[in-house]
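> sequence isn't available, so here's the structure alone:
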């Protein structure tokens, strides 16, 4: 049995095609997940895609002490749970808790990871805590081509343990995705928006994660001015709790329900995001994209270099870039993502061998 521990929304989307291919080959799969106060995205997404899973443990929130406490409790819960099963190997996106449990029980660990550093060079001082706690425990590591091998070698892996794939992660679930504007209209119907206006989608940075050192203010400071100067629909996709967003930005629409957000990203006129996955998804659809992330990682740099994304770090730059991109006509063309091959068969071969 292959154990997948899915602890972020991205890990759910990334592993669905891989899980399906493994099951197609007759292997059994066990999926564990987590949720917590004001953090239910993973569980909602698994339910949305009808994926069988078992919840073990919680998300610890922004406080380091709470994170550590939740992690220790989750490791104990996972250890008790997975020893019921005959597990061949663990596969995950560097889940700290699952890595520690699997390593402790002698289960081979296969990690996928596209962001070992909060940097687009090889500055090891920018290594993320999650990478430090997981990569050295790996039997194998899979990574996108944009991340240099050197980083993984410095995490004490040998060359034969490192496997490249030739795509940026979100392409695995977007390659065959068909956007549907009727879905968008249906989802937004209850919010009574004027859809003849431009649509700007907003996503906060993952400021409660261990790799973001504080909540950067430029997006929050600029939102009201963006609304007043563009006369657009401002739609916020909450990352955590939504109540404070509604109170702080009463002019904006804060999405309440979990939806297939890719439809919305495909038809947006502009996307402003502080994270990585949704930024890449917007770029995939040629939606003009502005990153307000506090750092630039390797795949961010790839998207910036291919003129798919702009990065800003001041309120002034953000406002000027919004004005520039909203005056441009959205391009309908194949971009660099269309040339990327998934090779899921090859990845699954390497997982199972």
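Looks like it came in fine. Only a predicted model underlies this, so the values are computations on that prediction, with no experimental measurement involved.
> what about the strands in the stretch 251-353 of the chain?
253-254, 270-273, 289-291, 309-311 (DSSP state E, counting those that start in this stretch).
> remind me what the longest one packs against, helices and strands.
Here strand 270-273 touches strand 199-203, helix 277-284, strand 289-291, helix 315-326, going by 3 or more CB pairs under 8 Å, 6 or more residues apart in numbering; DSSP states H and E. In short, each C-beta sits where N, CA and C put it, glycine included.
> off-centre distance for the third one?
Right, the one you point to is strand 289-291. Mean-position distance between strand 289-291 and its chain equals 15 Å (CA atoms, centre = their mean, to the nearest Å).
> and that strand, what does it pack against?
strand 270-273, helix 277-284, helix 298-305, strand 309-311, helix 315-326.
> and the contacts of that strand?
Contact partners of strand 289-291, identified using CB atoms under 8 Å, 6 or more residues apart in numbering, comprise 270-274, 279, 282-283, 300, 303-304, 308-312, 318, 321-322, 325.
> ok, now with 7 Å
Contact with strand 289-291 is made by 271-273, 279, 282-283, 300, 308-312, 318, 321-322, as judged by CB atoms under 7 Å, 6 or more residues apart in numbering.
> on the pLDDT front, check residue 221 for me.
Looking at residue 221, its pLDDT is 90.
> do the same with residue 213
Reported pLDDT for residue 213: 56.
> and residue 338, by the same measure?
93.
> separation between it and residue 283?
12 Å (CB to CB, to the nearest Å).
> just residue 320 next, same as before
Residue 320 is 20 Å from residue 283, by CB to CB.
> more neighbours, the two?
Each of residue 320 and residue 283 has its neighbours counted (other CB atoms under 10 Å); residue 283 has more, 28 against 13.
> please name the residues that touch that one.
Each residue near residue 283 by CB under 7 Å, 6+ apart is listed here: 289, 303, 308-309.
> ok, residue 21 touching residue 342?
No - Residue 21 is beyond contact range of residue 342, at 10.4 Å (criterion: CB atoms under 7 Å).
> where in the stretch 151-300 of the chain is pLDDT low?
Confidence mapping of the stretch 151-300 of the chain against pLDDT under 70 gives the ranges 206-216.
> try it again at 80.
205-217, 239-241 (pLDDT under 80).
> got the residue ranges for the helices in it?
For the stretch 151-300 of the chain, the helices defined by DSSP state H, counting those that start in this stretch occupy 171-174, 181-188, 218-230, 243-248, 261-267, 277-284, 298-305.
> could those helices go into CSV alongside distance to residue 151?
Listed next are the helices of the stretch 151-300 of the chain as CSV, based on distance: least, CB to CB, whole Å:
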stretch, distance to residue 151
helix 171-174, 21
helix 181-188, 39
helix 218-230, 28
helix 243-248, 35
helix 261-267, 29
helix 277-284, 19
helix 298-305, 9
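> what's the closest of those to residue 164?
helix 298-305 (12.5 Å; CB to CB).
> contacts for the closest one?
In contact with helix 298-305 (CB under 7 Å, 6+ apart) are residues 114, 120, 144, 146-147, 168, 276, 280, 283, 291, 293, 309, 311.
> how about it, which residues are buried there?
Residues 298-304 are the ones in helix 298-305 that count as buried (16 or more other CB atoms under 10 Å).
> ditto for stretch 305-313
For stretch 305-313, by 16+ other CB under 10 Å, it's 308-312.
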